[in-house]
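Visitor: pasted the sequence and its predicted model underneath.
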Amino acid sequence: MKKQLILLLYIFFVSNTFAQISGYVKDKTMQAVPGVNIRWSGTNEGTISDAEGHFRLNTSENNNILVFSNVAYNPDTVDISKIEKQDRMEVILNDAISLSEVTITKQRLGKIKSRTAVFNVETLNTHELRKAACCNLSESFETNASVDVSYSDAATGAKQIKLLGLSGTYVQMLTENIPNLRGLSSAYGMGYIPGSWMESIQISKGTASVKNGYEAIAGQINVEYKKPQNSDKVSLNLFTSSTGRTEANADVAVKLNEKLSTSVLLHASDEFLTLDENKDGYMDLPMVRQYNLANRWYYKNDGYILQAFIRGLSEKRTGGRTDDSYKIGVDTERYEFFVKNGFLFGEEEAEHNHEASEEHEHHNQSSLGIILNGTIQNQNARYGLKNYDGHQNNLYANLIYDASFGEYHKISTGASFNTDAIDEKLAVNILPENFNRTEYVPGIFAEYTFTRKALTAMAGFRADHNSVYGMFITPRFHIRYNILDHVHLRASAGKGYRSPNVLAENNFLLASNRKLKIAPDLKMENAWNYGFTVHGFIPVFGKELSLMGEWFYTDFNNQVVIDMDTDPHAVNFSNLQGRSYASSFQIEANIEPVKGLTVTLAHRMNDVKTTINGNLREKPLTNRTKSLMTLSYQSPLRKWQYDFTTQFNGGGRLPYPDSNHLLWEREFKPFTIMNAQITRNFKTWSVYGGAENITGFVQKNPIIDIQNPFGTDFDASMVWGPMHGRAFYLGFRWALAKSSN
Amino acid sequence: MKTKHLLITFVAIFVLATNLNAQSGKSNSKKTVVFDVSMHCESCQKKIEKNIAFEKGVKDMAVKLEDKTITIKFDTLKTNENKLISAFNKLGYEAKVVETVPAKSTAK
């Protein structure tokens, strides 16, 4: 008691007589932030936080506003007159990446690699997303070196992504940090998220956090939608292209009171032209009509945040022969909702803890998140004479408790429950087959993070029980160490699992007449992923060159092997017997040589091999290399923006053709894609126009035996290049900014 | 081959665009002034940047939120300090001139 009193007196003495204040700056990952500029507003008086994020400075007589600033973070101000005991403050800065709204104007680099996160994360914010036509999620990666986007086949217009040389099914897709686009939606899901709804995208390569489940094998891609609490009041986007795509997007955000805001997001698009540039009697791109509507809510009270989201989607896809003799039709209906509750504890406690804080830091803060998410999807598809009907119900609940103990330790723990009911019916030549499956997966997880100075180490485990496949354990480890201020190392190792959904994921194969042979005993796919990243920030003539080298290796224990080699008229799905791996090495350089001009150069080498029918073979339809160059220039007042992207795609292998009756090549050759866009910004609106695939390169004869859509040779799955030549587009954006105080 | 030509063309356009913008600052009628502006937040900064950029005569601008200063390069034939101050006032901010940067060391 006496001791406390003395301590209290001591603090009183320090804080009033010497009029000094001190504190500690950290970021959201609870890591100390050194080198933060701390100044009294409007003056040059101040200090800089030390290597451990601590600072101390004299109070100012006529100034109560402290400004905290550092390039990697959003600046923050603290009014110390409102703090009762200002002897010890704790300031948490937000990464410049987390609030993309702000980032657009703060940083010219639209693509930001986090310097502090333990994961290898890349964020694409609105600024980056606006560099290309970008109609939906699948088209958002054009200016990105890590993610490849290609057509799944030559008929349905479905697009798939590849990360680290592995197909998109091995990438866990999240929207607002909730697993999404799983199961039925894996074939066409990349088109379900309109470009103008997205606020930012986070691409995380390699193993991920265990908090969001066990499904991330090659990586994780998270999409953040526009949020009612920080969106423009009204925004409008119109788009049209020479390929006949017309799009209208509108969203409205309303702040009902200090605590409650809501927004409505609308999207309608239509591709109404029958395109057949190569005159093969087959549509180059299908006609797609989509309506998409969402409503979201945000409520914030002291220590409590509620977010709710609901949306409905309807899509109609029509392709096939222009004379209607062979038709492809895919009708989709999808409904989604989520509710997120966040409770924060311990903030008050922290304020009452000042007595102790002078000697030891006690940051005993904690939060509880409860997430509930549900999806219903119906898909009816027709590929010539084949009919596919799919229905999926999904319900997902996740409870996460985060607590930090002292400066260095953080623990996240929780439990999740996921259920998928997938009913599929496939009728080939009027012979219906049912594929029904219901999975219940309860799971628990814990993750520990240790952060000190230049080191962050993280270990996570989860245990899940799948009602079909049984019990399994997911361990994941991450470490980040800044050997120098300008050189950061990251390493990770972790396991991932997923249940195969052969029909849904390979739906596009129905647009071919290959016989589907699915082994009855398919097991869960599972793999270890190892990653190593070196990221250096090198000063070059007063500019900062960011140079990054990374290597990721995915080693499959079990995989559903898609064998299109053994029989050119069939595709076999079976469990892996032997080795299967994907090795991906990438180097990327970013620099702003002249004010306003950003240059990115990247090169990647993939080595992806799978044991197919007893032989370790290169994975077909996978580029061996990819290079990317992007140039982006913004005029001094940001009135003009020019963007130019070139991709060099290396060649690769094609599935084995019938050796007696050679219908296609064994290899595909390298090719180049170029895109360019010009944007003109005005006070409240902007216009943009551009060209895609400027060189007009198209894959010749993408459909095998096109004349006989009902014959055994007919195959639309040999796709490795663009289906459509040069295209032009024009777009318009208008926004009524929210009023700022 | 065609690809290479196109690539060179685009790079040339970029270099040209960059140069054009750099050259536009060489005229004698340009003046660079630092203003002290009563802004407090990110959204104020955004609002100011968006609007002042479209004021007549403004050539370049650098906002420093932490100092509450805005450095503006403008064409003296088209606008002046007072006009810019009233533009700030219109947006709801107080502004005053802190200093005039000598013509040789213009704002970055």
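Guide: Sure thing, it's come through. Residues are numbered from 1 along each chain as shown, chains lettered A, B, ... in the order given.
Visitor: list the contacts for A:S584?
Guide: Neighbouring residues of A:S584 by CB atoms under 8 Å, 6 or more residues apart in numbering or on different chains: A:164-165, A:551-553, A:604-607. From N, CA and C alone the C-beta is placed, and that goes for glycine too.
Visitor: could you rerun that using 10 Å?
Guide: Counting by CB atoms under 10 Å, 6 or more residues apart in numbering or on different chains, A:S584 touches A:146, A:162-166, A:205-206, A:218, A:531, A:550-554, A:604-608, A:626.
Visitor: and for A:E215, nearest residue in space, chain neighbours not counted?
Guide: Once flanking residues are discounted, A:E215 sits nearest to A:Q172: 4.5 Å by CB to CB, 6 or more residues apart in numbering or on different chains.
Visitor: surely that neighbour is in contact with A:A216?
Guide: Yes: using CB atoms under 10 Å, A:Q172 is in contact with A:A216, at 3.8 Å.
Visitor: which of these two has more neighbours?
Guide: Ranked by neighbour count (other CB atoms under 10 Å in any protein chain shown), A:Q172 and A:A216 place A:A216 first, with 30 against 25.
Visitor: part of a strand, is the more buried one?
Guide: No: membership of A:A216 in a strand is not supported by DSSP: H, G, I helix; E, B strand; the rest coil, which gives coil.
Visitor: ok, so what distance separates it from A:H488?
Guide: Noted for A:A216: a distance of 22 Å to A:H488, by CB to CB, to the nearest Å.
Visitor: again, but for B:V97
Guide: 43 Å.
Visitor: out of those two, name the residue with the larger neighbour count.
Guide: Neighbours were counted for B:V97 and for A:H488 using other CB under 10 Å; A:H488 has more, 21 against 13.
Visitor: that one is in contact with A:F532, isn't it?
Guide: No: A:H488 is beyond contact range of A:F532, at 11.9 Å (criterion: CB under 10 Å).
Visitor: re earlier: give me the buried subset of the contacts of A:S584.
Guide: Buried members of the contacts of A:S584, counted by 16 or more other CB atoms under 10 Å in any protein chain shown: A:146, A:162-166, A:205-206, A:218, A:531, A:550-554, A:604-606, A:608, A:626.
Visitor: in chain A, which helix or strand is least confident?
Guide: Here the helix or strand of chain A ranked lowest by mean pLDDT, DSSP states H and E is helix A:100-106, holding a mean of 23.
Visitor: got the residues of the stretch 551-700 of chain A near chain B?
Guide: Proximity of the stretch 551-700 of chain A to chain B (CB under 10 Å from any CB of the partner chain) is limited to residues A:593-597, A:599, A:629, A:631-640, A:642-646, A:648, A:671-674, A:676, A:678, A:681-684, A:694-697.
Visitor: domain map for chain A?
Guide: Per automatic domain parsing, the structural domains of chain A span A:2-93, A:225-736.
Visitor: where among the ones you listed is the average confidence lowest?
Guide: Between the domains of chain A, the one with the least mean pLDDT is domain A:2-93; it has a mean of 64.
Visitor: which SSE is B:K78 in?
Guide: Under the criterion DSSP states H and E, no helix or strand holds B:K78.
Visitor: A:P520 too?
Guide: Of the helices and strands defined by DSSP H and E, none includes A:P520.
Visitor: could you check how far it is from A:F573?
Guide: 10 Å.
Visitor: those two: who's more crowded?
Guide: Higher neighbour count among A:P520 and A:F573: A:F573, with 19 against 5, using other CB under 10 Å.
Visitor: so the more buried one bridges to which residues?
Guide: Judged by DSSP bridges, the bridge partners of A:F573 are A:I518, A:I562.
Visitor: please name the bridge partners of A:I673.
Guide: Bridge pairing for A:I673 - DSSP bridges - gives A:Q647.
Visitor: quick one on the thing from earlier: joint contacts of A:Q172 and A:A216?
Guide: Any residue near both A:Q172 and A:A216 by CB under 10 Å, 6+ apart counts here, and that gives A:179, A:204, A:208, A:496, A:498.
Visitor: excluding chain neighbours, what is closest to the first one?
Guide: Right, the one you point to is A:P179. Closest to A:P179 by CB to CB, 6+ apart is A:G213, at 5.7 Å.
Visitor: what sits against A:G494?
Guide: Applying CB under 10 Å, 6+ apart to A:G494 gives the contacts A:206-210, A:214, A:216-217, A:459-460, A:474-478, A:527-531.
Visitor: for it, give its distance to A:V571.
Guide: According to CB to CB, A:G494 and A:V571 sit 30 Å apart.
Visitor: please apply the same query to A:E447.
Guide: Taken as CB to CB, the span from A:E447 to A:V571 is 39 Å.
Visitor: what ranges does the stretch 301-450 of chain A have for its helices?
Guide: Per DSSP state H, counting those that start in this stretch, the stretch 301-450 of chain A carries helices over the ranges A:347-352, A:354-357.
Visitor: any buried residues in the helix or strand where B:V63 lies, and which?
Guide: Counting by DSSP H and E, the element that carries B:V63 is strand B:58-64. Within strand B:58-64, the residues that qualify as buried are B:58-61, B:63, counting by 16+ other CB under 10 Å.
Visitor: near chain A at all, it?
Guide: Yes: using CB under 10 Å from any CB, strand B:58-64 reaches chain A at B:58-64.
Visitor: who does the residue nearest the centre of chain A bridge with?
Guide: Central residue of chain A (CA atoms, centre = their mean): A:I221, 2.5 Å from the mean position. On the basis of DSSP bridges, A:I221 is bridged to A:M173, A:I203.
Visitor: for A:D713, give me its contacts.
Guide: Contacts for A:D713 (CB under 10 Å, 6+ apart) come out as A:512-514, A:568-569, A:658, A:661, A:663, A:704-707.
Visitor: a strand runs through it, doesn't it?
Guide: No: applying three-state DSSP, one finds A:D713 to be coil, outside a strand.
Visitor: angles on the backbone of it, please.
Guide: For A:D713, the backbone dihedrals (degrees, to the nearest 10) come out as phi -80, psi -20.
Visitor: and stretch B:65-82, C-alpha only, in PDB?
Guide: Taking C-alpha atoms only, stretch B:65-82 is exported to PDB below (Å, rounded to 0.1, in the frame of the first residue of the first chain):
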ATOM      1  CA  LEU B  65      -0.900  16.800 -42.200                       C
ATOM      2  CA  GLU B  66       1.400  16.500 -39.200                       C
ATOM      3  CA  ASP B  67       2.600  20.100 -39.800                       C
ATOM      4  CA  LYS B  68      -0.800  21.300 -41.000                       C
ATOM      5  CA  THR B  69       1.000  22.800 -44.000                       C
ATOM      6  CA  ILE B  70       0.200  22.700 -47.600                       C
ATOM      7  CA  THR B  71       2.800  23.700 -50.200                       C
ATOM      8  CA  ILE B  72       1.200  24.800 -53.400                       C
ATOM      9  CA  LYS B  73       2.900  25.700 -56.600                       C
ATOM     10  CA  PHE B  74       0.700  27.900 -58.800                       C
ATOM     11  CA  ASP B  75       0.700  30.100 -61.800                       C
ATOM     12  CA  THR B  76       0.800  33.800 -60.700                       C
ATOM     13  CA  LEU B  77      -1.000  34.800 -63.900                       C
ATOM     14  CA  LYS B  78      -4.000  32.700 -63.000                       C
ATOM     15  CA  THR B  79      -4.300  32.900 -59.300                       C
ATOM     16  CA  ASN B  80      -2.800  34.400 -56.200                       C
ATOM     17  CA  GLU B  81      -2.400  33.700 -52.500                       C
ATOM     18  CA  ASN B  82      -5.700  35.400 -51.500                       C
END
